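[1] got a predicted structure plus its sequence, pasted below:
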Amino acid sequence: MIKKADVVIIGGGIIGLATAFNLAKLKYGKILVIEKELFLGAGSTGKCAGGVRAQFSNKVNIEMSMKSEEILVNFEKEVGYPIVFDQVGYMFLLSNERELAEFTKAIELQRSLGLKVDLLEPAEISKIAPPVRTDDIIKATFCKADGLADPSDLIQGYASAARKLGVEIAVETEAIGLKTRNGAITAVTTNQGEISTPLVVNAAGPYAGIIGQMAGAKVPGEPVRRQIVTTGPLDYIPATFPMVVDVQAGLYFHKESAGLLLGWADKAVKPGFDISVDPEYTDTILNKALERVPKLETAEISKSWAGLYETTPDHQAIIGFANEIKGMFIAAGFSGHGMMHAPAAGLISAELICGKNTSIDPTPLSPDRFAKGAVSEETNVI
Ligand SMILES: Cc1cc2nc3c(=O)[nH]c(=O)nc-3n(C[C@H](O)[C@H](O)[C@H](O)COP(=O)(O)OP(=O)(O)OC[C@H]3O[C@@H](n4cnc5c(N)ncnc54)[C@H](O)[C@@H]3O)c2cc1C
């Protein structure tokens, strides 16, 4: 491993790798990515459900998604690696007038930014997602451009393209400390030795707060466990089945191989780094799924796993230079939508680091918004 770099990116998840690729494209200099685990994407990225949607309530998140979807559609051309972005659409099932009012307001904003979103009647829902029970659903939002991507495809794509551009990626290399002098970062201490550098990108996902603390920088947010269950093959799930979100239940599901992937956000889970699978959590997911898709009664369970959401107080990412120390750039806190936002996040992070005009105005994501009280919460989170 090199002992000196122009930038050390801490974290070989999707955010660190997308940032590395974009920095290399802008010819930033010697770029080193360090990842504490043996495999890239071993953190939250590898646990993610693969959903990609632009249906958010906040302008910046809609813009981040639209830019990311544009990059995903052209990924092979832009990054040089073939991936599958399956634009089967995202459907939000609405059960009451309060949800309808909230989503109608969001649709107005989404449409004003150029997103094509429909409001569906229950009969139309059944045509697109046949086994879904709709007798208690009043409407659904649907955006056909949303869809599914494979997180490991994106990891491989960004990692191999970054390497081709000269980025060094060191696995099993854990940042254990940051050295500073006169209020500026000078080196990263790792279990493999010290790397001198004037710039660190903190892309450590749920661990970003710990990396921040190493140099006295605050990265607001906390890790929370989220679980997923997959089923065996189901012959009634069409190839075009979308991502379906039952807003009231907090449940989401989409086709995965020949079956379904089911997830639910248990808001009662206490923050922490535990990613063991809780059987009670799994049962709740299955019970909620049975309520919405009664045919699942005969489904076989294939796998279940848990991962960490990196949840910030306003459910939006933190992208920008830390205020407390010179030489730390934060790209973290994606609050459950980091895979889908990675293409845009990598791009604007690299633009900001290189002092260029950014493709999207990153002000609402800046690290100092919390201290300034300039926080606008993203409400459409799962
Ligand atoms: C169950 C679940 C479902 C999800 N579903 C979706 C979805 O459908 N769509 C979506 O867009 N997002 C989804 N997400 C969120 C998404 O997975 C994350 O937002 C995204 O992966 C964050 O990427 P990251 O690179 O910031 O973090 P990570 O992937 O966690 O990468 C950070 C890396 O930093 C490494 N690291 C940490 N500390 C150190 C250190 N000291 N030294 C070196 N390396 C270190 C970690 O090992 C890790 O590999 C989901 C998350 C979960 C848990």
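    Thanks, I have it. These numbers were taken from a predicted model, which means no experiment stands behind them.
[2] the strands in the stretch 101-250 of the chain, which residues?
    118-120, 139-143, 147-149, 168-170, 175-181, 184-190, 193-196, 200-202, 222-231, 243-246 (DSSP state E, counting those that start in this stretch).
[3] reformat the ones you listed as JSON lines; add mean pLDDT, distance to residue 9 and mean neighbour count.
    In short, each C-beta sits where N, CA and C put it, glycine included. Listed next are those as JSON lines, based on pLDDT from 0 to 100; distance: least, C-beta to C-beta, whole Å; neighbours: other C-beta atoms under 10 Å:
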{"stretch": "strand 118-120", "mean pLDDT": "97", "distance to residue 9": "39", "mean neighbour count": "16"}
{"stretch": "strand 139-143", "mean pLDDT": "98", "distance to residue 9": "32", "mean neighbour count": "24"}
{"stretch": "strand 147-149", "mean pLDDT": "97", "distance to residue 9": "21", "mean neighbour count": "24"}
{"stretch": "strand 168-170", "mean pLDDT": "98", "distance to residue 9": "9", "mean neighbour count": "18"}
{"stretch": "strand 175-181", "mean pLDDT": "98", "distance to residue 9": "10", "mean neighbour count": "16"}
{"stretch": "strand 184-190", "mean pLDDT": "98", "distance to residue 9": "10", "mean neighbour count": "19"}
{"stretch": "strand 193-196", "mean pLDDT": "98", "distance to residue 9": "11", "mean neighbour count": "15"}
{"stretch": "strand 200-202", "mean pLDDT": "98", "distance to residue 9": "4", "mean neighbour count": "29"}
{"stretch": "strand 222-231", "mean pLDDT": "97", "distance to residue 9": "20", "mean neighbour count": "22"}
{"stretch": "strand 243-246", "mean pLDDT": "98", "distance to residue 9": "30", "mean neighbour count": "26"}
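[4] CSV please, covering these and showing distance to the ligand.
    Shown next, in CSV, are those (distance: least, C-beta to the nearest ligand atom, whole Å):
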stretch, distance to the ligand
strand 118-120, 21
strand 139-143, 15
strand 147-149, 8
strand 168-170, 9
strand 175-181, 4
strand 184-190, 7
strand 193-196, 12
strand 200-202, 9
strand 222-231, 4
strand 243-246, 8
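[5] who wins for proximity to residue 90 among these?
    Taking C-beta to C-beta, strand 243-246 is the member of the strands of the stretch 101-250 of the chain nearest to residue 90, at 4.6 Å.
[6] direction included, what does the very next helix or strand once past the closest one pair up with?
    Next helix or strand after strand 243-246 toward the C-terminus (DSSP states H and E): strand 251-256. Strand pairing for strand 251-256, determined by DSSP bridges: strand 243-246 (antiparallel), strand 259-264 (antiparallel).
[7] outside of strand 251-256, which residues touch it?
    Here strand 251-256 makes contact (C-beta atoms under 8 Å, 6 or more residues apart in numbering) with 49-51, 88, 148, 230, 237, 239, 241-246, 260-264, 285, 288-289, 292-293, 382.
[8] so who does the single nearest residue of the stretch 1-150 of the chain relative to the ligand touch?
    When scored by C-beta to the nearest ligand atom, the stretch 1-150 of the chain has residue 13 as its residue closest to the ligand, at 2.0 Å. For residue 13, the contacting residues are 35, 40, 41, 43, 44, 45, 155, 203, 205, 338, by C-beta under 8 Å, 6+ apart.
[9] which members of those residues occur in helices, if any?
    44, 45, 155, 338 (DSSP state H).
[10] give me phi/psi at residue 219?
    Per-residue torsions, residue 219: phi -120, psi 90 (degrees, to the nearest 10).
[11] and it, what is it in contact with?
    Counting by C-beta under 8 Å, 6+ apart, residue 219 makes contact with 202, 208, 209, 211, 212, 318, 322, 330, 332, 333, 367.
[12] how far away is it from residue 322?
    8 Å (C-beta to C-beta, to the nearest Å).
[13] likewise for residue 308?
    Residue 308 sits 21 Å away from residue 322, going by C-beta to C-beta.
[14] hmm, stretch 35-53 in reach of the ligand?
    Yes. Legend: contact between stretch 35-53 and the ligand by C-beta under 6 Å from any ligand atom is shown at 35, 36, 37, 42, 43, 44, 45, 47, 48, 49, 50, 51.
[15] what score does the closest residue to the fourth one other than its chain neighbours have for pLDDT?
    What it means is residue 42. With sequence-adjacent residues excluded and distances taken as C-beta to C-beta, 6 or more residues apart in numbering, residue 42 is closest to residue 35, at 7.4 Å. You'll see residue 35 listed with a pLDDT of 98.
[16] next: residue 44.
    Each residue has a pLDDT score; the one for residue 44 is 98.
[17] contacts only, for it.
    Applying C-beta under 8 Å, 6+ apart to residue 44 gives the contacts 13, 205, 206, 307, 308, 309, 310, 338.
[18] need these in a markdown table (columns: pLDDT).
    Putting these into a markdown table (pLDDT from 0 to 100) gives the following:
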| residue | pLDDT |
| --- | --- |
| 13 | 98 |
| 205 | 98 |
| 206 | 98 |
| 307 | 97 |
| 308 | 97 |
| 309 | 96 |
| 310 | 95 |
| 338 | 98 |
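[19] just the buried subset of these, written out for PyMOL, thanks.
    Those of these that count as buried under 16 or more other C-beta atoms under 10 Å are selected in PyMOL with:
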select buried, resi 13+205+206+307+308+309+310+338
